[in-house]
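J.: missing the sequence, but the structure's below:
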């Protein structure tokens, strides 16, 4: 930071001379921009001193199984997925990652964070003539957690893989999702995507400030909406919570050193805070209306406003109780298609697997389920939020944003939810 | 990257390959792939600088193969031989130790052939200190946002059979949009290897003219079916979907391709549709992850018929096909969609009444087996009546099958094409782009 302007230089060469060159380049970049800089920052407020440590929980360290053992597990999963000759593709993958980050600053800050990530994916594609159906383990690579190899449970993986294969086959002969307005019940593995796209991204303050307008887009939310806007129904309680053990994007500090704490972004439907770093809060004139969310995907990208763990808090009702109260509706699981506009207003999402709800019971399996709505209309139609027995968390390593582009890891937890009078529809012809 | 540094990277790469060849044991084979760049990234918002910096990066993918098994390591690559060899030697030892633990791979592609190439394109890029004033001085009265990315990009390959390729190019992309007070925007890109200030200035002047059109009151259209003209950038977005479950032979074989119905000849595309890979422009390397060199041109769809899919050597082995130099993901690297007959000055009159769509956003398959794509209109999109632009529109969601918009509903492509550069920077700066015309489509489905 030079006179309130920030320049950066990143290098993969950790030799002293290379680091010195990088520091000089960063200094020059800050100087070159000084006449044109967007907002003067202050070291004391936008880069406060911090000292600390965060280490992911991991009962069984990542190096305690051989590559051969993990490969065998995945090969067995593929065999379990192939329940029929109609399964034309099986996929099983496990990705284990250990990341260490040291954050140091001339203001005396020193933070050490050590992350242990385990990602799993199991999927099958079934085909009968022109009918093709895909079924996966809660959507594309949604099984993402912090932890160790205790997350790879062979018995569960075998059972789950077989179920995925069987459901892919089941979908081949299932009727199309009807084109209708009805009650929509979303499983937590689809709520993950719903929260991510229609709550997380529009609440990023850098989007609201216009930084992303040339790429990811802006937001339908305005700076003046914080503390005022009724984002959804009173059942909507959204927290930014990087403190949940094992959730994919837990951490102790963001990448500018801000201390990460649990905060309500939306409480009883009212918008309270945004996803804004100390820099964004300053630029927006919204002190204490952000969270510790300045994150970079790696050493070679600058920190920007990101989601971390963004969760919908549980309310009341078990899954059977929720279904029992619905006369007609569609229950959908596992995202397979996602698209939303640059202001995060008009969306259309598709799922892998659905069930018709008739007179309080899950009846027929449906294929190609989709739904579309606008964000405010949708969240105001939230009429039921399940209890903690229905709450599940997932994650993704592929949240894309930023110029230069960055893909970062995020976590989302949610109960089963019911939305009233939603436009649902089936596949094409 | 200065010439001296560029030479150091090439020398270190060559020395590494030669050392690995020296140390190669009987039955052992290897490939070495390099991705390297020195980039300046400067990000703008409201015609100010939001973030600016440089990235000096490089990584090597080292793959070891023996007894029908393979494994790989990714390691940093700096261009400093001592540093690079220290990391590579350690990685190589680990690969050798772990290789017997890997499962047998029946479709493993071993290095073969004797292809070599060396292409180096020296450009004329802006000096680091000149980037910001060159871009911002012309747009001070505008709400300008976007990113400049410039510098050298290197892709290289070598293997134990003696194949070696080196591709280095200076390049820049300026990807920007300019907004009105009502948040309507003009979007454009300026890309190449030689920065020309007068070309950039002309683009900004053209954008200013479009901004005047965007200042008209916005029209909100009901969902429905509209005749639509898609400008080249929008066509490039639609075309990009074919790299994601479209033209890949593996996807076709594994039930994952939107072109399966075309392949089975159950559905047809318009005879106006002609798609090929065309490497003549030279903006991307022709070699792939196995060191194979693709033909300068490969027809994929000719007069609406799928005449070739992209087949890499691994897929060829698995499904008894003939490889055609495709990359590991069997995606389009240098696509060209052929022109039609619609002249530039006939676009609006041929559209008559309907939508003029400049850009699209956030495309995804909504039902891949039927070729259905959903997405949004974005940036400068207009309602046209009787061949005249009447108003910018509130953005619409579409949900439409490629078998309709490239099939029975395709009226024509323009008789001119545009190069739409690839501006992506996930992990690294991407290269190349697509050459596409605009297109006129009847009865396009908008759903929200």
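T.: Perfect, I can see it now. Worth saying up front: this structure is predicted, and the values here are computed from it rather than measured. Numbers count the residues shown, from 1 in each chain, chains lettered A, B, ... in the order given.
J.: The stretch 201-350 of chain A against chain B: which residues are in contact?
T.: A:209-211, A:213-215, A:217-218, A:300-302, A:304, A:337-343, A:346, A:348, A:350 (C-beta under 8 Å from any C-beta of the partner chain). In short, each C-beta sits where N, CA and C put it, glycine included.
J.: and the residues you listed, which are buried?
T.: Buried members of those, scored by 16 or more other C-beta atoms under 10 Å in any protein chain shown, are A:209-211, A:213-215, A:217-218, A:300-302, A:304, A:337-343, A:346, A:348, A:350.
J.: Could you pull up phi and psi at residue 124?
T.: Since no chain was named, I'll use chain A. phi -140, psi 140 (degrees, to the nearest 10).
J.: three-state assignment of residue B:210?
T.: At residue B:210 the chain is in helix, as set by DSSP: H, G, I helix; E, B strand; the rest coil.
J.: on that earlier part again, the buried ones among the residues of the stretch 201-350 of chain A next to chain B in strands, which ones?
T.: Counted as lying in strands by DSSP state E, out of those, are A:304, A:337, A:338, A:339, A:340, A:346, A:348, A:350.
J.: So the third one is in contact with residue A:190, correct?
T.: No. Taking C-beta atoms under 8 Å as the contact criterion, residue A:338 and residue A:190 are not neighbours in contact, 9.8 Å apart.
J.: shared neighbours, the two?
T.: residue A:349 (C-beta atoms under 8 Å, 6 or more residues apart in numbering or on different chains).
J.: tell me which residues in stretch B:312-320 are buried?
T.: By neighbour count with 16+ other C-beta under 10 Å, stretch B:312-320 contains the buried residues B:312, B:313, B:314, B:315, B:316.
J.: Quick check: residues of the stretch 301-448 of chain B near chain A?
T.: Contact residues, the stretch 301-448 of chain B versus chain A (C-beta under 8 Å from any C-beta): B:361-372, B:374-376, B:378, B:395, B:397, B:399, B:401, B:424-426, B:429, B:447-448.
J.: Out of these, which end up buried?
T.: Buried members of these, counted by 16+ other C-beta under 10 Å: B:361-372, B:374-376, B:378, B:395, B:397, B:399, B:401, B:424-425, B:429, B:447-448.
J.: in a helix, that's where residue B:132 is, yeah?
T.: Yes. Under three-state DSSP, residue B:132 sits within a helix.
J.: Quick check: it touching residue A:34?
T.: No. Checked against C-beta under 8 Å, the pair residue B:132 and residue A:34 is beyond contact range at 9.7 Å.
J.: what number of residues lie near the residue nearest to residue A:30 when sequence neighbours are not counted?
T.: Nearest residue to residue A:30, sequence neighbours excluded (C-beta to C-beta, 6 or more residues apart in numbering or on different chains): residue A:7, at 3.3 Å. Residues near residue A:7, counting by other C-beta atoms under 10 Å in any protein chain shown, number 24.
J.: so what's residue A:7 up against?
T.: Each residue near residue A:7 by C-beta under 8 Å, 6+ apart is listed here: A:25, A:26, A:27, A:28, A:29, A:30, A:31, A:32, A:33, B:52, B:53.
J.: and which of those residues is nearest to residue B:250?
T.: residue B:53 (38.3 Å; C-beta to C-beta).
J.: ok, whichever strand or helix holds that closest one near chain A or not?
T.: Here residue B:53 sits within strand B:48-66, counting by DSSP states H and E. Yes. On the criterion C-beta under 8 Å from any C-beta, strand B:48-66 is in touch with chain A at B:48, B:49, B:50, B:51, B:52, B:53, B:54, B:55, B:56, B:57, B:58, B:59.
J.: What about these, which one has the most neighbours?
T.: Result: residue B:52 is most packed of the residues of strand B:48-66 next to chain A (other C-beta under 10 Å), 28 neighbours.
J.: And the lowest-mean-pLDDT helix or strand in chain A, what does it pack against?
T.: In chain A, the helix or strand scored least confidently by mean pLDDT, DSSP states H and E is helix A:43-46, which has a mean of 90. In terms of contacts (3 or more C-beta pairs under 8 Å, 6 or more residues apart in numbering or on different chains; DSSP states H and E), helix A:43-46 is packed against helix A:278-284.
J.: in its sheet, what does the next helix-or-strand element following the helix it packs on sit against?
T.: On the C-terminal side of helix A:278-284, the nearest following helix or strand under DSSP H and E is strand A:294-295. Strands that pair with strand A:294-295, judged by DSSP bridges, come out as strand A:304-305 (antiparallel).
J.: average model confidence for the partner strand?
T.: Mean pLDDT, strand A:304-305: 98.
J.: swap in stretch A:370-380?
T.: Across stretch A:370-380, pLDDT averages out at 98.
J.: How far does that stretch sit from its chain's centre?
T.: Stretch A:370-380 sits 18 Å away from the centroid of its parent chain (C-alpha atoms, centre = their mean, to the nearest Å).
J.: now stretch A:420-429
T.: 24 Å.
J.: And for stretch B:368-380?
T.: With C-alpha atoms, centre = their mean as the basis, stretch B:368-380 stands 18 Å off its chain's centre.
J.: now swap in stretch A:4-19 and tell me
T.: 30 Å.
J.: Only the buried residues of that stretch, if you could.
T.: Neighbour count says stretch A:4-19 has A:5, A:6, A:7, A:8, A:9, A:10, A:11, A:12, A:13, A:18 buried, by 16+ other C-beta under 10 Å.
J.: now stretch A:355-373
T.: Within stretch A:355-373, the residues scored as buried using 16+ other C-beta under 10 Å are A:355, A:356, A:357, A:362, A:366, A:367, A:368, A:369, A:370, A:371, A:372, A:373.
J.: hang on, the third one packs against residue A:178?
T.: No. With contact taken as C-beta under 8 Å, residue A:357 and residue A:178 are classed as non-touching, separated by 11.8 Å.
J.: Phi and psi next, for residue B:126.
T.: phi -70, psi 140.
J.: mind checking pLDDT for the nearest residue to it once chain neighbours are set aside?
T.: Of all residues not flanking residue B:126 in the chain, residue B:195 sits nearest, at 4.9 Å (C-beta to C-beta, 6+ apart). Residue B:195 carries a pLDDT value of 98.
J.: The one 5 residues further on now?
T.: On pLDDT, residue B:200 comes in at 98.
J.: Equivalent analysis for residue B:1, please.
T.: Reading off the model, residue B:1 has pLDDT 62.
J.: Contact partners for the closest residue to residue A:240 other than its chain neighbours?
T.: Nearest residue to residue A:240 in three dimensions, chain neighbours excluded: residue A:291, at 4.6 Å (C-beta to C-beta, 6+ apart). Going by C-beta under 8 Å, 6+ apart, residue A:291 touches A:240, A:260, A:261, A:263, A:265, A:273, A:274, A:275, A:276.
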